[in-house]
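Asker: Here is my input; please provide its structure:
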Amino acid sequence: MKKIGRTIKLIRKQKKLTQKEVYAGIISRNFVSKFEKGVNSIEAEKLFAILKRLGMSLNEFQFIHENNEKYKFNTVLNEIDIAAENQNYDKLAEIHAQYKDSLSLDGQVVAATAYIKIYVHGHNPLTMSVGPAYPLQEHLKNDVNWSFFELRSFVDGIFIFRKDSLGLKLCMNKAFDTYVNYQNFIDLKAKAEQSMASIVLNYVQIQLTNFNYNSVDLERAIKKSDYRSMRNFSAKLTGEFAKLLCELYFGNNQERIIFECHDFLQMLKKLESPDYKVFQSIYNYHLPYSQSYRRNHSV
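Answerer: Presented below is the predicted three-dimensional model:
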């Protein structure tokens, strides 16, 4: 535990907290200096007390302490992300087969993550069988303190909750809470923003595809993400597209909104954004459904 103090110091400074605010009543002032230099170690009980002062779960601390390089299964999770980006479905299937019979929950979660990527990036996630994804579904529902791993997994894993409204609501609340927790970490902020924006867009898609036309709920989710204040440009675009998708159904003037969607998509195309084809496909899918909804509800 001798290097833990260095991580605590990093977190403390990023959160702009003084030594007194973090350590008072837990360890002495003389001890603090050597602890933050990685010289002294502390008992687990005192570490838990310090993490409580920092407003951080043990899972979150472990993720940051290990710098997202030695975090359990991080290597294979990165392989899954790369394979999905490159549309290498054979590799994803290979990883799923390797871990699906694992005796550990972690291994089963990895297998479920690979399985979900196959569907989200290569097929229609709304036709995906939930069975092979069950370990991740249960993990996300039952894990009390989400780390960055859970937030990232929920981006695509949200689709396994398409028929579980209570589980979806529970995990959306966890996602927002976890996103807030990572706002003070410079190295993870951009990834956290992109993850949260993507989660909100996927949430909007699920609700609209399930014919849950609760405009207030969808607008609340978009507003809660506060995407306009995000610094990550891709996250801002994702949030803006989620907003346009809602307006396609509920906006006052669909003709104007169709024009705005077209203009938005053409901008992405000119920017050679990797999201262009995905957003275009989502728009093409929802346009006729939004027109049907408007005819039936006289929007």
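Asker: mind saving the C-alpha coords of stretch 213-222 as CSV?
Answerer: Taking C-alpha atoms only, stretch 213-222 is exported to CSV below (Å, rounded to 0.1, in the frame of the first residue of the first chain):
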residue,chain,number,x,y,z
TYR,A,213,-43.6,8.6,-26.1
ASN,A,214,-43.0,10.5,-22.9
SER,A,215,-41.5,13.7,-24.2
VAL,A,216,-41.0,15.1,-20.7
ASP,A,217,-39.0,12.1,-19.6
LEU,A,218,-36.8,12.1,-22.7
GLU,A,219,-36.2,15.9,-22.5
ARG,A,220,-35.4,15.6,-18.8
ALA,A,221,-32.7,12.9,-19.6
ILE,A,222,-31.2,15.1,-22.3
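Asker: So what touches the helix or strand bottoming out on mean pLDDT in the chain?
Answerer: The helix or strand of the chain with the poorest confidence is helix 58-65; it has a mean of 75 (mean pLDDT, DSSP states H and E). With contact meaning CB atoms under 8 Å, 6 or more residues apart in numbering, helix 58-65 is reached by 4, 7, 10-11, 48, 51, 54, 71, 143, 145-149, 181, 185, 188. Where C-beta positions appear, they are placed from N, C-alpha and C, glycine not excepted.
Asker: The same query, at a cut-off of 10 Å, please.
Answerer: 3-4, 6-8, 10-11, 14, 44, 47-48, 50-51, 54, 56-57, 70-72, 74, 143-150, 178, 181-182, 185, 187-188 (CB atoms under 10 Å, 6 or more residues apart in numbering).
Asker: chain center to that helix, what's the gap?
Answerer: 16 Å (CA atoms, centre = their mean, to the nearest Å).
Asker: Next secondary structure element downstream of that helix?
Answerer: helix 74-85 (DSSP states H and E).
Asker: how about that following helix: buried residues?
Answerer: Within helix 74-85, the residues scored as buried using 16 or more other CB atoms under 10 Å are 76-77, 79-80, 83-84.
Asker: measure the closest residue in space to Asn88 that isn't next to it in sequence to Gln108 for me?
Answerer: Once flanking residues are discounted, Asn88 sits nearest to Ile82: 7.8 Å by CB to CB, 6 or more residues apart in numbering. Ile82 is 21 Å from Gln108, where distance means CB to CB, to the nearest Å.
Asker: and the two most separated of the buried residues of helix 74-85?
Answerer: The largest distance within the buried residues of helix 74-85, taken as CB to CB, falls between Val76 and Ala84 and amounts to 12.7 Å.
Asker: any common contacting residues for the two?
Answerer: The contact lists of Val76 and Ala84 share 113-114, where a contact means CB under 10 Å, 6+ apart.
Asker: Just the contacts of helix 58-65: which are in strands?
Answerer: Among the contacts of helix 58-65, no member falls in strands (criterion: DSSP state E).
Asker: Mark which of the residues you listed are part of helices, please.
Answerer: Members of the contacts of helix 58-65 lying in helices (criterion: DSSP state H): 4, 6-8, 10-11, 14, 44, 47-48, 50-51, 54, 74, 148-150, 178, 181, 187-188.
Asker: got a list of what Ile118 touches?
Answerer: Per CB under 10 Å, 6+ apart, neighbours of Ile118: 80, 83-84, 89-93, 95-96, 125, 128, 132.
Asker: So which of the residues you listed wins on neighbours?
Answerer: Ile80 (26 neighbours; other CB atoms under 10 Å).
Asker: That one reaches Leu92, doesn't it?
Answerer: Yes - between Ile80 and Leu92 there is a contact at 6.6 Å, judged by CB atoms under 10 Å.
Asker: Which residue ranges of the stretch 151-299 of the chain form helices?
Answerer: Under the criterion DSSP state H, counting those that start in this stretch, the stretch 151-299 of the chain carries helices at the ranges 165-181, 186-209, 215-225, 233-250, 254-270, 276-297.
Asker: could you check the angle helix 276-297 makes with the fifth one?
Answerer: Our comparison of helix 254-270 with helix 276-297, counting by axes from the mean of the first three to the mean of the last three CA atoms, to 10 degrees, yields an angle of 170 degrees.
Asker: Compute the inter-axis angle for helix 254-270 and helix 233-250.
Answerer: Using the same axes, to 10 degrees: helix 254-270 against helix 233-250 is 160 degrees.
Asker: that older thread, common neighbours of Ile80 and Leu92, please.
Answerer: 113-118.
Asker: count of neighbours near Asn210?
Answerer: 13.
Asker: I'd like to know how far the spatially closest residue to it that is not a sequence neighbour sits from Tyr203.
Answerer: Excluding its sequence neighbours, the residue lying closest to Asn210 (CB to CB, 6+ apart) is Arg162, at 6.5 Å. Per CB to CB, Arg162 is found 10 Å from Tyr203.
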